[in-house]
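Asker: Whatever this is, show me its structure:
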Amino acid sequence: MADPVSAGVTTYRIVLRDLVVRASIGVHDHEHRRPQPVRISVDLTVRHPGAGFRDEIAAVLSYEGLVDGIRQVAQSGHIKLIETLAERIASLCLIDGRVLGAEVRVEKLEVFPDAAAVGVVMSRWRG
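Answerer: Modelled structure (predicted):
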């Protein structure tokens, strides 16, 4: 996709940082037995509604709905790969036509005792 700014589209960003949810995730047997904490961050590029921007919740993408949706995806059943979880969250974000792009970071927090986290960062763009 072309850079939205150079294409004459005004954008803004919605950021969600460090949402921690419990998810059944992983390929190892012990990861199937109990959910583990996963940290999720999302950075969305959103089409600005244009001139006459209203100071009303209906005029913008709801980050409350975003958080609720991410929680549902993360708790929807066992997922083998964090890449799969990141892809599902990115797809959720792009359902709203105002979202032009999504960068999703998913980190497992209890994999290695000497590392704060391991994870992936996935970017998806409309078109």
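Asker: Contacts for the lowest-mean-pLDDT helix or strand in the chain next, please.
Answerer: Every helix and strand in the chain was compared by mean pLDDT, DSSP states H and E; the lowest is helix 29-33, with a mean of 88. Applying C-beta atoms under 8 Å, 6 or more residues apart in numbering, the external contacts of helix 29-33 come out as 24-26, 78. C-beta: built from backbone N, CA, C; applies to glycine.
Asker: The next helix or strand after that helix packs against which elements?
Answerer: Downstream of helix 29-33, the next assigned helix or strand under DSSP states H and E is strand 36-47. Contact analysis of strand 36-47 by 3 or more C-beta pairs under 8 Å, 6 or more residues apart in numbering; DSSP states H and E lists strand 11-23, helix 63-74, helix 82-93, strand 99-108 as its packing neighbours.
Asker: give me that answer again for 6 Å
Answerer: In terms of contacts (3 or more C-beta pairs under 6 Å, 6 or more residues apart in numbering; DSSP states H and E), strand 36-47 is packed against strand 11-23, strand 99-108.
Asker: Alpha carbons of the last one, as CSV, please.
Answerer: Written as CSV, here are the backbone C-alpha positions of strand 99-108 (Å, rounded to 0.1, in the frame of the first residue of the first chain):
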residue,chain,number,x,y,z
VAL,A,99,-8.0,1.0,9.9
LEU,A,100,-5.4,1.3,7.2
GLY,A,101,-2.6,-0.7,8.9
ALA,A,102,-1.9,-2.6,12.1
GLU,A,103,1.3,-3.5,13.8
VAL,A,104,0.7,-6.2,16.4
ARG,A,105,3.3,-7.4,19.0
VAL,A,106,2.7,-10.6,20.9
GLU,A,107,5.0,-11.8,23.6
LYS,A,108,5.1,-14.9,25.8
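Asker: what's the angle between it and strand 11-23?
Answerer: 30 degrees (axes from the mean of the first three to the mean of the last three C-alpha atoms, to 10 degrees).
Asker: Give me the contact list for strand 99-108.
Answerer: The contact list for strand 99-108 (C-beta atoms under 6 Å, 6 or more residues apart in numbering) reads 4, 38-47, 82, 85-86, 89-90, 93, 117-126.
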